[in-house]
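K.L.:
Here is my input, please return the structure:
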Amino acid sequence: MRTFIGDDGLKLFTYKTMPRPDPLNKLDTEWMNAQEIDTIVMEPSRKYESIGTGKIARVYLEILSCDDLPNMEGAAGKFGNKTDGVVQIVYEDCICKTEVIDDKNNPRFLPWTRRAFALHTNYPSSVINLGVFDYDPGVALISHHTLVGRASVDVTNLRPGTEYILNYTLHKTSLVKNKRKLNLGTIKIRLRIEVDDPRAYLLASLQLPPSIYVNSSSPKDLECVHQTCYGECNLNRYSLDTIFELVDELSNHQLRYRIIFPLKVISTMNLILNP
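P.N.:
The predicted model follows:
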């Protein structure tokens, strides 16, 4: 960041563009003020990466920005280091991530960077999982990317052919919102759904979702994918916290969708909640 005095005598701040200025206009975009950056962020992306094997639709997703991320650098934060933000996307067999924005607790993903993805759809109700991480360039066996928070995007209520700008609060778990009021920040995205064959799209929604398996090139990447989908909670490990979160999730779904659970399930839930 650098400062200068404007014509009206007020102090103005400009920020070095991360991760790089616009290759088509380096001179004017190497240093910009906050308002200029936020305006450019909303411009259309220059390129979409096409990912996935789905045939019935495409979700055009742009990661625009994150706000108020906690500083994940620990003691190093006292020396000016901030979170090195990167966003991981997991959607069906689509796995991709944005570019890394170094030392920014409010990262902005600019139109000429890797931020836009065309996600090919197999099933209309598939959820887009977003994970925000503090990037660690170290060796995979002795380091890992630290999860800042995650969010899930439910596309079932979105109308095809309509562009949406959505803001999500980040949480540590996929089951229920954190009971503690942690300041994990927010993420802003822009998306639209394009359907070539509405009939095939409708018929696909009447079937059970297919099982999807994805491959990872390293344990470090696999951990990111798992945390993007499920958060820090390990569903395979027995704990009372996991049981209570699962019960809360079932109760929330019951209230939201008016689901009628079998009597045995309801009595088991009551027994756990009221031992």
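
K.L.:
make it CA atoms for all contacts and neighbour counts henceforth
P.N.:
Fine.

K.L.:
residues contacting Met42?
P.N.:
64, 111 (Cα atoms under 8 Å, 6 or more residues apart in numbering).

K.L.:
10 Å instead?
P.N.:
Shown in contact with Met42 (Cα atoms under 10 Å, 6 or more residues apart in numbering): 62, 64-65, 109-111, 165, 190.

K.L.:
Kindly report the same for Leu203.
P.N.:
123-124.

K.L.:
now it, what's its secondary structure?
P.N.:
At Leu203 the chain is in helix, as set by DSSP: H, G, I helix; E, B strand; the rest coil.

K.L.:
again, but for Cys229
P.N.:
helix.

K.L.:
dump the residue contacts of it.
P.N.:
88-91, 127-131, 150-152, 173-174, 223.

K.L.:
In strands, which of these appear?
P.N.:
In strands, defined here by DSSP state E, the members of the contacts of Cys229 are 88-91, 127-131, 150-152.

K.L.:
ok, and the most crowded of those residues?
P.N.:
Counting neighbours by other Cα atoms under 10 Å, the top entry in the ones in strands among the contacts of Cys229 is Arg150, with 30 neighbours.

K.L.:
Can you give me every residue that contacts it?
P.N.:
87-89, 129-133, 168-174, 184-187, 227-232.

K.L.:
Quick one: end-to-end length of stretch 85-101, please.
P.N.:
5 Å (Cα to Cα, to the nearest Å).

K.L.:
Quick one: mean pLDDT over it.
P.N.:
For stretch 85-101, the mean per-residue pLDDT is 95.

K.L.:
what's the answer for stretch 60-77, then?
P.N.:
84.

K.L.:
Give the buried residues for that stretch.
P.N.:
60-67, 69-73 (16 or more other Cα atoms under 10 Å).

K.L.:
how close does the closest residue to Thr17 other than its chain neighbours sit to Val86?
P.N.:
Using Cα to Cα, 6 or more residues apart in numbering and skipping residues adjacent in sequence, the residue nearest Thr17 is Glu30, 5.4 Å away. Separation of Glu30 from Val86 (Cα to Cα): 21 Å.
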